[in-house]
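Peer 1: Generate a structure from the sequence data that follows.
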Amino acid sequence: MNKISVINTITVPAGMERDAEEIREIYVEYFSKQEGFVESVFYKSIEREDNGSIKYVNIVVWESIEAFNRVVNAGFYNEDGQNSDGYKVLGSGFPEPITVSPGRYVSIKENHA
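Peer 2: Numbers count the residues shown, from 1 in each chain. Below is the predicted model:
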């Protein structure tokens, strides 16, 4: 079974970096307690955009698409992106004007050491 990586690009306006980082920590704490969670890594760009915003990349790895779907569940199907635990998933938990571009990916070849 292939692991699934949820890779979000998050664009954060200048001055909102702390907000974005704190919200991300809340979500990682929640996700890390869910069955099927593997890991999460957060990257921050070393360069700002021309408008002063900064980009982050958040990667959350799940054991399977089924594990991911159990956590996200209803978040796909309502306007707020809220799952059955009341969490706004799929990037919906970040306040405007922070924008999130989510994507789901599977490895086409597993690396074996």
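
Peer 1: going forward, measure contacts between C-alpha atoms and count neighbours the same way
Peer 2: Noted.

Peer 1: how far is the single longest strand found in the chain from where the chain is centred?
Peer 2: The strand spanning the most residues in the chain, taking DSSP state E as the definition, is strand 37-48. Taking C-alpha atoms, centre = their mean, to the nearest Å, the mean C-alpha location of strand 37-48 is offset from the chain mean by 10 Å.

Peer 1: Show me where this structure has its helices.
Peer 2: 17-31, 65-72 (DSSP state H).

Peer 1: ranking those by mean pLDDT, which is last?
Peer 2: Note on the helices of the chain: helix 65-72 shows the lowest mean pLDDT, a mean of 88.

Peer 1: picking up where we left off before, find the one among the helices of the chain with the highest mean neighbour count.
Peer 2: The highest mean neighbour count among the helices of the chain, using mean count of other C-alpha atoms under 10 Å, belongs to helix 65-72: a mean of 18.

Peer 1: Now do it: which elements does it pack against?
Peer 2: Packed against helix 65-72, as judged by 3 or more C-alpha pairs under 8 Å, 6 or more residues apart in numbering; DSSP states H and E, are no other helices or strands.

Peer 1: And the contacts of that helix?
Peer 2: Lys3, Ile4, Phe31, Gln34, Glu35, Gly36, Phe37, Trp62, Gln82, Asn83, Val89, Leu90 (C-alpha atoms under 8 Å, 6 or more residues apart in numbering).

Peer 1: Which pair of the residues you listed spans the longest distance?
Peer 2: Lys3 and Gln82 (23.2 Å; C-alpha to C-alpha).

Peer 1: how far away is the closest residue to Ile23 other than its chain neighbours from Ser101?
Peer 2: Spatial nearest neighbour of Ile23, excluding adjacent residues (C-alpha to C-alpha, 6 or more residues apart in numbering): Phe94 at 7.0 Å. Phe94 sits 11 Å away from Ser101, going by C-alpha to C-alpha, to the nearest Å.

Peer 1: For the two, work out which one has more neighbours and name it.
Peer 2: Neighbours around Phe94 and Ser101, counted as other C-alpha atoms under 10 Å, are more numerous at Phe94. The numbers are 18 against 12.
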